[in-house]
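A.B. asks: Turn this into a structure:
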Amino acid sequence: MSLPLAGITVIDLGQVYQGPYATLLMAKAGAEIIKIEPPAGEPLRLRTALGRGASLPFAMLNSNKRAVTLNLKSERGRALLIEMVKRADVLLENFAPGVLDRLGVGWSVLKEINPRLVYASGSGFGLSGPDRDSLAMDLTVQAVSGIMSITGFPDGPPVKAGAAFVDFLSGIHLYAGVMTALVERAITGQGRLVEVAMEETVYPTLASNLGFLYNSDGQVPPRTGNRHGGLAIAPYNVYPAKDGYVAIICVVENHWQNLLAAMGREDLKDDPRFADNAARVGNLALTDAVVQRWTEALGKNEIFARTKQHRIPSAPVRDLLEVMNDRHMHERGMLERIDHPELGDIVVPNESVALSRRRPRRDHAQPTHRPAQ
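C.D. replies: Okay, here's the model as predicted:
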């Protein structure tokens, strides 16, 4: 069946996670992605020298793409890029601001060569402003954006998120920006510059924690461990089980009543300490203790089965091996096994945006790097 981005050609100058994830989503939707790498290969490819496992991220993010090696520091390399731009719909890059401008192939030049071009730029802090030229990686943006200040336990140091979620969150925004600009171009016939700043994509995720500021007369939000970031919902925590941990959250009062039934603690139904969410937040330690006395006597999957039966938001804490082999995502087509020429049998993600239904098709592995002569 026809893919929604069939006929769209994307020049992919993305590197590491942010840019390549945005173009991977485009590739999955049918766009022709031409990945351009420097003579030595892009930074993520270079990590493959560390061992087999270090090759997996590159394989995950660069399937269904074609590739070419260009030295953009040479006149010939820049000339070849310009020829490609003349026939392209999108150019995406996530270099530091100004890099392509200094090479003479930035937005101000390319828009004159191809007025229909959508030029997408991903960076840490955007193309303007006093922090424009600050170096940015997922870790440093987690630090400067406030994420680390609210991650971890109150008696411990700031902690980064385990996943590189800022890179991928901003990559999703890049994809959305390109799609928005392509819709506009279909109406106006004109391309435009799209820019995404990693720091700016993070701010909305802090909503609960920012709310704490207004409930505490400006007191800085504490690190709350696995409790709600704004300390505004209870129970909301990760509780110990006999064989691991389980996450449980009661968003509405019905969830709490259902949890009391699941725990066999209907005797607490009329207890004023747990009468509503405000009361439970006011007795947070006691609320958690009631739930923990129940969870620590059971296995995590047994807890999940009981909470699922009673319609309570809950999930066992799974390790990555369990997630990689998740039956649900495999049956939906989100996860797919491919035979990689270097890594063998691996699991890669399909498109996260399922348009009507996922198309059954096999991925092809990332392009092989051939250094320029």
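A.B. asks: I'd assumed Asp339 was in a strand, is it?
C.D. replies: Yes. When DSSP: H, G, I helix; E, B strand; the rest coil is applied, Asp339 is found to be in a strand.
A.B. asks: mind checking how far it is from Arg52?
C.D. replies: According to C-beta to C-beta, to the nearest Å, Asp339 and Arg52 sit 15 Å apart. Where C-beta positions appear, they are placed from N, C-alpha and C, glycine not excepted.
A.B. asks: what's the answer for Phe153, then?
C.D. replies: 34 Å.
A.B. asks: Show me which of these two is the more surrounded one.
C.D. replies: A side-by-side neighbour count of Phe153 and Arg52, using other C-beta atoms under 10 Å, places Phe153 first with 13 against 10.
A.B. asks: got a list of what the spatially closest residue to that one that is not a sequence neighbour touches?
C.D. replies: Spatial nearest neighbour of Phe153, excluding adjacent residues (C-beta to C-beta, 6 or more residues apart in numbering): Gly225 at 4.2 Å. Gly225 makes contact with 152-154, 237, according to C-beta atoms under 8 Å, 6 or more residues apart in numbering.
A.B. asks: Can you list the low-confidence ranges for the stretch 251-373 of the chain?
C.D. replies: 355-373 (pLDDT under 70).
A.B. asks: And the helices in it, which stretches?
C.D. replies: Assignment of helices within the stretch 251-373 of the chain using DSSP state H, counting those that start in this stretch yields the ranges 253-263, 277-282, 284-295, 300-309, 320-324, 327-332.
A.B. asks: out of these, nearest to Glu32?
C.D. replies: In terms of C-beta to C-beta, the element of these nearest to Glu32 is helix 327-332, at 25.9 Å.
A.B. asks: quick revisit: tabulate the helices of the stretch 251-373 of the chain in CSV, adding columns for mean neighbour count and distance to Pro115.
C.D. replies: Shown next, in CSV, are these (neighbours: other C-beta atoms under 10 Å; distance: least, C-beta to C-beta, whole Å):
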stretch, mean neighbour count, distance to Pro115
helix 253-263, 18, 54
helix 277-282, 16, 55
helix 284-295, 17, 58
helix 300-309, 18, 55
helix 320-324, 10, 45
helix 327-332, 11, 41
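A.B. asks: closest one to Leu103 among the ones you listed?
C.D. replies: helix 320-324 (39.3 Å).
A.B. asks: Val68 reaches Ile34, doesn't it?
C.D. replies: Yes. The pair Val68 and Ile34 qualifies as a contact (C-beta atoms under 8 Å) at a distance of 6.3 Å.
A.B. asks: Of the two, which one has the most company?
C.D. replies: Shown here are Val68 and Ile34; by other C-beta under 10 Å, Ile34 has more neighbours (19 against 15).
A.B. asks: Is the more buried one in a helix, a strand, or coil?
C.D. replies: strand.
A.B. asks: Could you do Val238 as well?
C.D. replies: Taking three-state DSSP, the label given to Val238 is strand.
A.B. asks: That one and Ile303: what is the separation?
C.D. replies: Distance from Val238 to Ile303, counting by C-beta to C-beta: 12 Å.
A.B. asks: And the strands in the stretch 51-200 of the chain?
C.D. replies: 66-69, 90-93, 118-123, 193-197 (DSSP state E, counting those that start in this stretch).
A.B. asks: could I get the ones you listed as CSV with distance to Gly7 and mean pLDDT?
C.D. replies: Formatted as CSV, the strands of the stretch 51-200 of the chain follow (distance: least, C-beta to C-beta, whole Å; pLDDT from 0 to 100):
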stretch, distance to Gly7, mean pLDDT
strand 66-69, 15, 93
strand 90-93, 12, 98
strand 118-123, 14, 98
strand 193-197, 20, 98
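A.B. asks: Tabulate those strands (CSV), appending distance to Ile82.
C.D. replies: Shown next, in CSV, are the strands of the stretch 51-200 of the chain (distance: least, C-beta to C-beta, whole Å):
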stretch, distance to Ile82
strand 66-69, 14
strand 90-93, 11
strand 118-123, 13
strand 193-197, 17
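A.B. asks: Out of those, which gets nearest to Val348?
C.D. replies: Closest among those, once you apply C-beta to C-beta, is strand 66-69, at 16.9 Å.
A.B. asks: quick one: strands adjacent to that closest one?
C.D. replies: Applying DSSP bridges, strand 66-69 is found paired with strand 32-37 (parallel).
A.B. asks: Contacts for the partner strand next, please.
C.D. replies: 8-14, 20, 23-24, 26-27, 42, 45, 62, 64-70, 72, 81, 84, 88, 367, 369.
A.B. asks: Restricted to helices, list these.
C.D. replies: Among the contacts of strand 32-37, the ones falling in helices (DSSP state H) are 20, 23-24, 26-27, 45, 81, 84.
A.B. asks: Which one of the residues you listed is nearest to His330?
C.D. replies: Minimum distance to His330 across these is 18.8 Å, recorded for Leu24 (C-beta to C-beta).
A.B. asks: who's in contact with the nearest residue to that closest one once chain neighbours are set aside?
C.D. replies: Excluding the flanking residues, the one nearest Leu24 by C-beta to C-beta, 6+ apart is Leu61, at 5.3 Å. Neighbouring residues of Leu61 by C-beta under 8 Å, 6+ apart: 17, 20-21, 24, 44, 366.
A.B. asks: neighbour-wise, which of those leads?
C.D. replies: Going by other C-beta under 10 Å, Pro20 tops these with 29 neighbours.
A.B. asks: if I pick that one, what's in contact with it?
C.D. replies: With C-beta under 8 Å, 6+ apart, Pro20 has these contacts: 12, 14, 35, 44, 61-62, 171.
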